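Visitor: Generate a structure from the sequence data that follows.
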Amino acid sequence: MAKFEMKDFVGVIPAMMTIFDKNEEIDEKATRDFVNYLIKKGVDGLYLTGSTGEGFLMTGEERKKVVEIVISEVDGRIPVMVHVGDIGTKKSIELAKHAYETGADAISSVPPFYWKFKEDNMFQYYKDISESTPLPMVVYNVPLVGALGIDFVKRLATIDNVKGVKYTLPTHFEIVQMKEQIGEDFIIYSGCDEMAVSGLMNGADGIIGSFYNIIPELFKDIYNAVRNNDMETARTKQDAAVHIIMYSVKYDFISIMRHVLRMLGVEGGYSRRPFSNLSDSEFEAVKSDLKEIKTKHNIEGVDFLDLL
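Guide: Okay, the predicted model is just below:
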């Protein structure tokens, strides 16, 4: 059963990577070690089996296994949100029920994709999933599967269990509008790592993102700086994050994050095909570039960069 309410699900929340071994199988021990690493780094929650977690590259049973391992290891220390999105409502309901039975605190979903579904179809999709468990639902609004307009988000908010949105769009003025028009209790997460400061300044309650897997300390600094109105620190830290992110996305960036974790003494595993995995020699060139970025932009307070 859930241990946390939505009001507790704020702050810095990694969209957790799934740790696979060389044979592309889920690595349970490494996953448990990674959970403990992130908790020790002070993250405020975890978001499972989403895009960064390569959820769509897994079977339903594999997604369930990841959820079981992580929730078991978290053991109620921080809130856990499970992404249950899929094309088919029936498949998503099965994942949602499993998340509830396993002890998740919230569920989330992208809209159904591939076919160009009408708004009424998408509304019913969220309604059916939201009514399948008592858990709060967080709508995942992301351009990769078709961005949802603010009027439709407002419509979705009329569904009883829809309690928030993961807003991975650059139009942050809409965060202000949603807070005003839906209500302050509607929880909004800014999902653009490179725009965390903007999202928080415009009223986001928390930030969910990929790079929080490897530089949570940087985003904790950003979150606290904005909350304390220390905008110079927030800007400086965000600038550092942007340089790291924009360099990394030239590659299959999840592979870079896996190598960075190994630098930090954590087994980062391997990505599933069709994603590629950088070899150790290829990563040596990446390390050299990142060291140059650190020096050129005078980046401080980033654990893995301090090891270069």
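Visitor: so who does Asp230 touch?
Guide: Residues near Asp230 by CB atoms under 8 Å, 6 or more residues apart in numbering: none. In this view, the C-beta of every residue, glycine as well, is placed from N, C-alpha and C.
Visitor: ok, Ile214 touching Phe304?
Guide: Yes - Ile214 lies in contact with Phe304 (CB atoms under 8 Å); the separation is 6.3 Å.
Visitor: partner residues bridging the residue most central in space within the chain?
Guide: In the chain, the residue lying closest to the centroid (CA atoms, centre = their mean) is Ala15, at 2.3 Å. With DSSP bridges as the criterion, Ala15 is bridged to Tyr47.
Visitor: All the strands of the stretch 101-250 of the chain, in order from the start?
Guide: Taking DSSP state E, counting those that start in this stretch as the criterion, the stretch 101-250 of the chain carries its strands at 106-109, 137-141, 162-167, 187-190, 206-209.
Visitor: Of all those, which one comes closest to Asn277?
Guide: Of all the strands of the stretch 101-250 of the chain, strand 206-209 sits nearest to Asn277, with 21.6 Å by CB to CB.
Visitor: picking that back up, can I get the strands of the stretch 101-250 of the chain in JSON lines with mean neighbour count and mean pLDDT?
Guide: Putting the strands of the stretch 101-250 of the chain into JSON lines (neighbours: other CB atoms under 10 Å; pLDDT from 0 to 100) gives the following:
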{"stretch": "strand 106-109", "mean neighbour count": "26", "mean pLDDT": "98"}
{"stretch": "strand 137-141", "mean neighbour count": "26", "mean pLDDT": "95"}
{"stretch": "strand 162-167", "mean neighbour count": "25", "mean pLDDT": "96"}
{"stretch": "strand 187-190", "mean neighbour count": "25", "mean pLDDT": "97"}
{"stretch": "strand 206-209", "mean neighbour count": "27", "mean pLDDT": "98"}
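Visitor: can you pull the contacts of Leu278?
Guide: The contact partners of Leu278, by CB under 8 Å, 6+ apart, come to 251-252, 255-256, 259, 286.
Visitor: can you rerun that using 6 Å?
Guide: Applying CB atoms under 6 Å, 6 or more residues apart in numbering, we find Leu278 in contact with Ser255.
Visitor: Over to Tyr100?
Guide: Listed by CB under 6 Å, 6+ apart, the contact partners of Tyr100 are 133, 135.
Visitor: can you tell me the helix or strand for it?
Guide: helix 89-102 (DSSP states H and E).
Visitor: And for Pro274?
Guide: Using DSSP H and E, Pro274 sits within no helix or strand.
Visitor: Residue numbering should commence at 40 henceforth.
Guide: Right, with 40 as the first residue, what we last looked at is Pro313.
Visitor: Give me the neighbour count for it.
Guide: As a burial measure, Pro313 scores 7 neighbours (other CB atoms under 10 Å).
Visitor: before we move on, what about Tyr262?
Guide: When neighbours are defined as other CB under 10 Å, Tyr262 has 23 of them.
Visitor: And what about the spatially closest residue to it that is not a sequence neighbour, helix, strand or coil?
Guide: Among residues not flanking Tyr262 along the chain, Val51 sits closest, at 5.3 Å (CB to CB, 6 or more residues apart in numbering). Using DSSP: H, G, I helix; E, B strand; the rest coil, the secondary structure recorded for Val51 is strand.
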